[in-house]
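> pasting a predicted model and its sequence here:
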Amino acid sequence: MKIERIQTGVRMEKRLVKVLKGTAEYLDMSLGDLLEGIVLHAFDGKERVFSDETRAKINALKAVYGCDLDASMSHKLSE
C-alpha cells in the first residue's frame, strides 16, 4: 500500500524514548515503523503488540534505562 509519511515534532519522556529506540534496534526496524505498528495495534484494540520474547527484551531495556513508567501513569506525567 502506498502511503505518505511526514516528519513529526513530538516530545516524549527521555527514558521511554531510549527503550523505544532499543526495541526498534532489537527488532531491526526504524523507530517510526515501530511506533506506527504500536499505534495501529492500539487503534485496532489489540492487547498483544509484542511477543513474549520481545516483552522480555523491553523489560530488560526498561531496567537498563531506569524506566519505571507504566500505563497507569499515562496522561499524569509532568515536567
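Thanks, I have the structure now.
> for residue 36, see how far away the most centrally placed residue in the chain is.
Taking CA atoms, centre = their mean, the centroid of the chain lies closest to residue 20, which sits 4.4 Å from it. Note on residue 20: its distance to residue 36, by CB to CB, to the nearest Å, is 12 Å. All C-beta spots, glycine's among them, are computed from the backbone N, C-alpha and C.
> one step back: now do the contacts for the residue nearest to the centre of the chain.
Residues in contact with residue 20 (CB atoms under 8 Å, 6 or more residues apart in numbering) are 12, 31, 34, 35.
> any idea which element it lies in?
In this structure, residue 20 sits in helix 14-26 according to DSSP states H and E.
> and the angle from the helix or strand that comes right after that helix to helix 14-26?
Next helix or strand after helix 14-26 toward the C-terminus (DSSP H and E): helix 31-43. Computed by axes from the mean of the first three to the mean of the last three CA atoms, to 10 degrees, the angle separating helix 31-43 from helix 14-26 equals 100 degrees.
> show me the contacts for residue 2.
So residue 2 contacts nothing (CB under 8 Å, 6+ apart).
> just residue 13 next, same as before
67, 69, 77.
> isn't residue 27 up against residue 34?
Yes. Using CB atoms under 8 Å, residue 27 makes contact with residue 34 at a distance of 6.6 Å.
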